[in-house]
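>>> Let's see this in three dimensions:
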Amino acid sequence: MDKDEIKLLDVFLALRVGYFGIFPEVELICWLRSVQLSGDPTTKLLAVQPTESFDQSKVQPRAFEATESSIAAAEVQALGALLIELGFPERGPRVRDTSEAGSIWWAHLTFEVGVNGKSRRLELGLGPEGIAGQDADGLRRVFRILLGMGKIQNEWSILLFQEKERPT
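A predicted model of the protein is given here:
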């Protein structure tokens, strides 16, 4: 499939984290939808992220911020090309779980890509090593673009696009 053949693109990302077996905390939800009926695609990106850092000593709920952005056609085409290069939606990227049982924190990534109604879902445990495997660099490029589109930056987003970084 060629990036020019993409008429409908759905991208969903969720990142959950936790410490010492506590209940998971949602750190990031990002959803992009692009529809091209004629001419340039119409694209919206919704990002939901906490307004404050996770503090395991606090038990009260945190506040979240949701922002919606319109995305330029060139950015969507670049993202679509990378997703197709990684094999979506026919196959998922070749990456491996890097979670470590001995780590004081854990992270779980859910990433789903739909192209023209066909979808592929990736579930991945992440540890201090971050994303690893044959397609790790390509997947990190996808996340850099996606998070850049939504102007997303928090203490955990670095885990999605840099190698061997442990959040503090």
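
>>> Could you report the pLDDT at the residue located most distally from the centre of the chain?
The C-alpha centroid of the chain is most remote from Ser38, which lies 27.7 Å away (C-alpha atoms, centre = their mean). Looking at Ser38, its pLDDT stands at 76.

>>> how far away is it from Glu129?
As defined by C-beta to C-beta, to the nearest Å, Ser38 lies at a distance of 45 Å from Glu129. All C-beta atoms are positioned from the backbone trio N, CA, C, and that covers glycine.

>>> With Leu159 instead?
10 Å.

>>> Same check on Val142?
Distance, Val142 to Glu129, by C-beta to C-beta: 18 Å.

>>> And the two? Which one has more around it.
Between Val142 and Glu129, counted using other C-beta atoms under 10 Å, Val142 has the larger neighbour count: 25 against 17.

>>> List the residues that contact the more buried one.
Leu79, Leu82, Leu83, Leu86 (C-beta atoms under 8 Å, 6 or more residues apart in numbering).

>>> so the third one touches Val113, yeah?
The reference is to Leu83. Yes: between Leu83 and Val113 there is a contact under C-beta atoms under 8 Å: 5.5 Å.

>>> what residues do the two have in common as contacts?
What both Leu83 and Val113 touch, as defined by C-beta under 8 Å, 6+ apart, is the set Leu9, Val11.

>>> Near Ala72, how many other residues are there?
Using other C-beta under 10 Å, the number of residues around Ala72 comes to 12.

>>> what kind of secondary structure is Val11 in?
Assigned with DSSP: H, G, I helix; E, B strand; the rest coil, Val11 falls in the strand class.

>>> That one pairs with what?
Bridge pairing for Val11 (DSSP bridges) gives the partners Leu32, Val113.

>>> Check which residues of the helix or strand of the chain with the lowest mean pLDDT are buried.
Sorted by mean pLDDT, DSSP states H and E, the helices and strands of the chain end with helix 158-161, the least confident at a mean of 75. For helix 158-161, the buried set under the neighbour-count rule, 16 or more other C-beta atoms under 10 Å, comprises Leu159, Leu160, Phe161.

>>> dump the residue contacts of the last one.
Counting by C-beta under 8 Å, 6+ apart, Phe161 makes contact with Arg140, Arg141, Phe143, Arg144, Leu147.
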